[in-house]
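1. Make a model of this:
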Amino acid sequence: MGNITENTEEKKQQENDEKSKVEEGLTKAKTSRKRNKLIAVIAILLIIAGVCIFSYPIVMKTISNYKQDKMQEEIKAVILENMQQQAEKDAEQQEAELTQAAENQDSTADTATPSPTPQALDEIQIVEDDTSSDTEDSANLSDRLLGQELLGLIEIDSMNLFYAVIEGTEKDNLSAGIGHMTGTAAIGEVGNCALAGHRGGTYGKYFRHIDELSLGDEILLTDIAGNEYSYTVYDMFIVEPEEMWVIDPVDDVSRTLTLITCENSGTQRLIVRAKILE
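-> Predicted structure coming up:
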């Protein structure tokens, strides 16, 4: 009888031990599954965080480019509208001059008016503005163009640059756009068309990044009549402010474009040369 009882208790103990091992195994498996899930969640969160960190600059650049493109479209619309107004004004003025000439054709002979002398490079204040911005302010561009003689526009795709070309290089001219040096060739004409611009300003970047141009880059100029002229960059160099030879015609047949801006905090001038390929 005693042996039977002992065998029964031993059997129950074995069953309990086996049951405990099974429960312990299930507990470990459950704990392992929870741990694996936690690790997987942490890994996914780390991957998401990494993707966010990696993509943030790309997303911000995309947004910035979109805003700049939209601003450029607004600027272009403002300039083209003003060019249309200037063209109409020029047509009216030309008609008035023809009428006046017809009325005065029996008067004394006309006296030739000498061409204005180009402004010296050292007189052009094309320094960089301390409050310069990378974004053109299209909201007040029309106001800044009021009273200016608008000649056309300049566009450089490689610099994402689009500005009005204004006659003159005085302070108020250069705050409104890129200034044409009076006395140099007109847009698209034979000779040397010299344009000066700030190296950054309150209302935009202007020629700030002009040193990033490469040989062969295109500079597109459009005159007030809507004629387009494609110039190709072929040289870049630095001169002293008094070196006026840079605005002289290169030869008797070339249609040259010379872009002028400041260099080395305004102590020198950076020159970009381009020409229309015949």
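2. CA only for contacts and neighbour counts going forward, please
-> Noted.
3. give me phi/psi at the residue nearest to Thr222 when sequence neighbours are not counted?
-> With sequence-adjacent residues excluded and distances taken as CA to CA, 6 or more residues apart in numbering, Thr222 is closest to Glu228, at 4.4 Å. Dihedral pair for Glu228: phi -100, psi 140, per degrees, to the nearest 10.
4. burial count for Glu228?
-> Using other CA atoms under 10 Å, Glu228 has 16 neighbouring residues.
5. How about Gln13?
-> 12.
6. if I pick it, what's in contact with it?
-> By CA atoms under 8 Å, 6 or more residues apart in numbering, Gln13 lies in contact with nothing.
7. and the residue nearest to Thr222, what pLDDT?
-> pLDDT, Glu228: 95.
8. Return the distance of it relative to Glu155.
-> The gap separating Glu228 from Glu155 is 10 Å, by CA to CA, to the nearest Å.
9. C-alpha coordinates for the host helix or strand of Ser230, CSV please?
-> When elements are assigned from DSSP states H and E, Ser230 belongs to strand 228-239. This file holds the C-alpha atoms of strand 228-239, laid out as CSV (Å, rounded to 0.1, in the frame of the first residue of the first chain):
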residue,chain,number,x,y,z
GLU,A,228,15.3,87.8,-78.0
TYR,A,229,19.1,87.7,-78.2
SER,A,230,21.0,84.7,-76.9
TYR,A,231,24.5,85.5,-75.6
THR,A,232,27.1,82.8,-74.7
VAL,A,233,29.6,83.3,-71.9
TYR,A,234,33.1,83.0,-73.1
ASP,A,235,35.3,84.8,-70.5
MET,A,236,35.3,85.9,-66.8
PHE,A,237,38.0,88.1,-65.1
ILE,A,238,38.6,90.7,-62.4
VAL,A,239,39.6,94.3,-63.1
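10. Could you tell me which residues within that strand count as buried?
-> 228-233, 236, 239 (16 or more other CA atoms under 10 Å).
11. quick revisit: if I look at Glu228 and Glu155, which residues touch both of them?
-> In contact with both Glu228 and Glu155: 220-221, using CA under 8 Å, 6+ apart.
12. now what about stretch 212-224, what contacts it?
-> Against stretch 212-224 from outside (CA under 8 Å, 6+ apart): 83-84, 86-87, 150-159, 187-188, 228-235, 274.
13. for stretch 243-255, same thing?
-> So stretch 243-255 is in contact with 120-121, 184, 188-194, 256, 258, 275-276, going by CA under 8 Å, 6+ apart.
14. how about low-confidence regions in the chain?
-> 1-7, 17, 22, 25, 59-78, 101-139, 202-203 (pLDDT under 70).
15. any idea how far Arg273 is from the residue nearest to the spatial centre of it?
-> What sits nearest the mean C-alpha location of the chain, by CA atoms, centre = their mean, is Asn160, with 3.7 Å. As judged by CA to CA, Asn160 and Arg273 stand 19 Å apart.
16. Taking strand 228-239 as reference, get the angle to the helix or strand just after the strand holding Ser230.
-> Later in the chain than strand 228-239, the nearest helix or strand by DSSP H and E is strand 255-263. Comparing the axes of strand 255-263 and strand 228-239 via axes from the mean of the first three to the mean of the last three CA atoms, to 10 degrees yields an angle of 40 degrees.
17. Show me what the very next helix or strand once past strand 255-263 is packed up against.
-> Per DSSP H and E, strand 255-263 leads on to strand 268-275 as the next helix or strand towards the C-terminus. Under the contact criterion of 3 or more CA pairs under 8 Å, 6 or more residues apart in numbering; DSSP states H and E, strand 268-275 touches strand 228-239, strand 255-263.
18. how about the CA coordinates for strand 268-275, as CSV?
-> Output in CSV follows, covering the C-alpha atoms of strand 268-275 (Å, rounded to 0.1, in the frame of the first residue of the first chain):
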residue,chain,number,x,y,z
GLN,A,268,37.4,95.5,-57.6
ARG,A,269,35.0,94.6,-60.5
LEU,A,270,34.1,91.1,-61.7
ILE,A,271,33.5,91.0,-65.4
VAL,A,272,31.6,88.4,-67.4
ARG,A,273,31.9,88.5,-71.1
ALA,A,274,29.4,86.9,-73.5
LYS,A,275,28.7,87.2,-77.2
